[in-house]
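A.B. asks: coords below, sequence missing:
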């Protein structure tokens, strides 16, 4: 390979390094925002769950065909993030026949589309700014009526691995507070439906936040590996350029000496 080609490759490596660094910085910034959002969501969920208990809410009955929502990534460069979710989902489908599967994430959907997994595709979410509208769309698709409560399971990736989380039926409520029962002005059924809908929305939002956090951690790991590879490749390339340049200088010196001897 000529010096010109080696220099072009070195320039390409430098550009790739800049791109990788920018992507890594974007993931770091996104993780900071996601961490703050997760704290707010978890506190809101805690308060809402306690409010359900304080109102002596009777948990709604769950019936009908079970629904499983699988959450993947909308963007790439996150290694085996989606393939692990796909493998887990296929095992879950085999163990729980009859479930209706929904999948969100354009990088995940192609890994799940096959004959035996009847899949309904939902919009994925790439940025925290779109999380709220994305979750609203999921709820509209999965629970079309406010009083229809089928069994609902989420499959998603967190920092510990892929998990299946049951949202419906709702988990047991904590004990009511020691104060007097809160006053209410709405019908009990209407109030319960509103509380449960909001609990589902917050739970989905928090799960999506968890998934995005894990995705960015995977992407950071990929970017760090890419950074090390580019650095090692750059060192080898610079060494090759130096050796080739030294060989060219040696050849030129030998030619010069030969010309002088002839003269």
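C.D. replies: Good, I have the coordinates. This one's a predicted model, so the numbers in the text were calculated from it and none came from an experiment. Residues are numbered from 1 along each chain as shown.

A.B. asks: mind showing which ranges of the stretch 151-263 of the chain have poor pLDDT?
C.D. replies: Applying pLDDT under 70 to the stretch 151-263 of the chain flags the ranges 179, 181, 256, 259, 261-263.

A.B. asks: Check the contact between residue 102 and residue 72; I expect there is one.
C.D. replies: No - counting by Cβ atoms under 8 Å, residue 102 stays clear of residue 72, with 11.3 Å between them. In this view, the C-beta of every residue, glycine as well, is placed from N, C-alpha and C.

A.B. asks: More neighbours: those two, which one.
C.D. replies: For residue 102 and residue 72, the more surrounded residue by other Cβ atoms under 10 Å is residue 72, and the numbers stand at 27 against 19.

A.B. asks: Quick check: closest non-adjacent residue to that one.
C.D. replies: residue 108 (2.5 Å; Cβ to Cβ, 6 or more residues apart in numbering).

A.B. asks: The one you found: neighbour count?
C.D. replies: 24.

A.B. asks: and it, what is it in contact with?
C.D. replies: 70-73, 82, 85-86, 124 (Cβ atoms under 8 Å, 6 or more residues apart in numbering).

A.B. asks: where does residue 53 sit relative to residue 44, distance-wise?
C.D. replies: 15 Å (Cβ to Cβ, to the nearest Å).

A.B. asks: Check residue 142 too.
C.D. replies: For residue 142, the distance to residue 44 equals 21 Å [Cβ to Cβ].

A.B. asks: Between the two, which has more neighbouring residues?
C.D. replies: residue 142 (21 against 15).

A.B. asks: For the residue nearest to the more buried one when sequence neighbours are not counted, what are phi and psi?
C.D. replies: Of all residues not flanking residue 142 in the chain, residue 67 sits nearest, at 5.6 Å (Cβ to Cβ, 6+ apart). Dihedral pair for residue 67: phi -120, psi 140, per degrees, to the nearest 10.

A.B. asks: before we move on, what about residue 62?
C.D. replies: According to degrees, to the nearest 10, residue 62 has phi -110, psi 130.

A.B. asks: Which stretches in this protein count as helices?
C.D. replies: Taking DSSP state H to define them, one finds helices in the chain at 3-54, 81-95, 109-112, 131-142, 188-262.

A.B. asks: Okay, angle between the last one and helix 81-95 too, please.
C.D. replies: Between helix 188-262 and helix 81-95, the angle formed by their directions is 140 degrees, by axes from the mean of the first three to the mean of the last three Cα atoms, to 10 degrees.

A.B. asks: Please name the residues that touch the residue nearest to residue 27 when sequence neighbours are not counted.
C.D. replies: In space, and not counting its chain neighbours, residue 27 is closest to residue 216: 4.4 Å by Cβ to Cβ, 6+ apart. Contact analysis of residue 216 by Cβ under 8 Å, 6+ apart lists 27, 30-31, 34.

A.B. asks: Including distance to residue 242, could those go into CSV?
C.D. replies: Output for those, formatted as CSV (distance: Cβ to Cβ, whole Å):
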residue, distance to residue 242
27, 35
30, 40
31, 39
34, 44
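
A.B. asks: nearest to residue 234, of the residues you listed?
C.D. replies: residue 27 (22.2 Å; Cβ to Cβ).

A.B. asks: what sits up against stretch 148-167?
C.D. replies: In contact with stretch 148-167 (Cβ under 8 Å, 6+ apart) are residues 60-72, 81, 84-85, 88-89, 92, 99, 142-143, 168-169, 196, 200, 203-204, 207-208, 210-211, 213-215, 217-218.
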